[in-house]
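Enquirer: Have a look; sequence and predicted model below, questions after that.
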Amino acid sequence: MLFINLKIKITTMKTLLYLLIIYIFSYSSLFPQSKFGLGIILGEPTGISGKLHLNNTSSVDAAIGWSYYKYGSLHIHADYLSNITTLTEEVSFYIGAGGRIKIKNKDKQEDTKLAIRIPVGLTFEPNSIPIDVFAEIVPMLDLVPSSEFSFNAAVGIRYYFK
């Protein structure tokens, strides 16, 4: 019985993942004037990263991945980003604000955490190919279950759909 229940949960999770991917691709095709990128993020967290350019100087990014810090757990974050300055035609410096949730791990060694994020980073967007490469450092303030200051750092690459 446990095996059947587990199999149903895995099948449901796969179906939800497929629907999410279809939604993301359809969303990017509905708004051809905007730039939507999807790729990977490595570091803290490691997983899937997406970014939507709102205009030439602002964007929204999000990621879902695995946090390896202390007791591994699911990490989800979203940030509003603003390009502070353009260092070259293809390299920009950005800063932002957002939030993060780390879901309680299965071993219950760490509680669910909510945090405020302040990402600071560099992004390289070559004119010749629809990708961006980024590196960021993110000071964070955990608010729940207790106040604690920490950092995330990550690099990544995203492909932009037009």
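Expert: Received it, and whenever you're ready, just let me know what you need. Keep in mind that what you see is a predicted model, and the values were worked out from it rather than measured.
Enquirer: what pairs with the host helix or strand of residue 141, and is each one parallel or antiparallel?
Expert: Assessed by DSSP states H and E, residue 141 sits inside strand 131-144. For strand 131-144, the pairing partners within the sheet under DSSP bridges are strand 113-117 (antiparallel), strand 120-124 (antiparallel), strand 148-161 (antiparallel).
Enquirer: Now do the contacts for residue 91.
Expert: Contacts were defined as C-beta atoms under 8 Å, 6 or more residues apart in numbering; by that measure residue 91 touches 122-125. Glycine gets a C-beta too; all of them are placed from N, C-alpha and C.
Enquirer: Present the residues you listed as a markdown table; the columns should include pLDDT.
Expert: Compiled in a markdown table, those are given as follows (pLDDT from 0 to 100):
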| residue | pLDDT |
| --- | --- |
| 122 | 97 |
| 123 | 96 |
| 124 | 96 |
| 125 | 93 |
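Enquirer: which among those end up buried?
Expert: Buried residues within the contacts of residue 91, counting neighbours by 16 or more other C-beta atoms under 10 Å: 123, 125.
Enquirer: if we can go back for a sec, quick one: buried residues of the strand holding residue 141?
Expert: Applying a neighbour-count criterion of 16+ other C-beta under 10 Å, the buried positions in strand 131-144 are 132-134, 136, 138, 140, 142.
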